[in-house]
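>>> this one's sequence-less:
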């Protein structure tokens, strides 16, 4: 059995430059929205599907900017690694947590407080975003 989970994830940004983080029901870690890529799916197709299912968000895939491939230990599946295809999107629509998403919050990446973050978000995605903004 594979110990790898392939996902498509979004660095969703609002007009203030804040990013949306979500927490799945019954878990503690906040992470980027997105989800598993099905066997016959392209990452951007999977991302659009997951954002609609989990947040009621319809995106225009042509507005998604590919940021790269990121890997980290899975937050909610011990012993597994998450391999993420990450896309950045600016949105101005409201999001509504649905499906397995219990909470969605807009955060300032420089003022996260003591929020529990998934390793992929904490160690790779948010530092990548901070570094890009510092340039």
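Yep, it's here. Note that this is a predicted model, so its numbers are computed, not measured.

>>> can you pull out the helices in this protein?
43-55, 119, 126-134 (DSSP state H).

>>> who's in contact with the last one?
Residues outside helix 126-134 that contact it (C-beta atoms under 8 Å, 6 or more residues apart in numbering): 11, 17, 19, 67-68, 70, 109-110, 112, 117. C-beta coordinates here come from the backbone N, C-alpha and C atoms, glycine included.

>>> who wins on neighbours among these?
residue 11 (24 neighbours; other C-beta atoms under 10 Å).

>>> one step back: can you list the helices of the chain in JSON lines and add distance to residue 90?
Putting the helices of the chain into JSON lines (distance: least, C-beta to C-beta, whole Å) gives the following:
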{"stretch": "helix 43-55", "distance to residue 90": "13"}
{"stretch": "helix 119", "distance to residue 90": "25"}
{"stretch": "helix 126-134", "distance to residue 90": "13"}
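
>>> what sits against the spatially most central residue of the chain?
In the chain, the centroid-proximal residue (C-alpha atoms, centre = their mean) is residue 32; its distance is 2.0 Å. Going by C-beta under 8 Å, 6+ apart, residue 32 touches 9-12, 19-22, 84, 86, 120-121, 125.

>>> with residue 18 instead?
The neighbours of residue 18, taking C-beta under 8 Å, 6+ apart as the test, are 106-109.

>>> scan those and report the most crowded one.
That'd be residue 109 among the contacts of residue 18, by other C-beta under 10 Å, with 18 neighbours.

>>> dihedrals phi and psi, that one?
Note on residue 109: its backbone torsions stand at phi -60, psi -10 [degrees, to the nearest 10].
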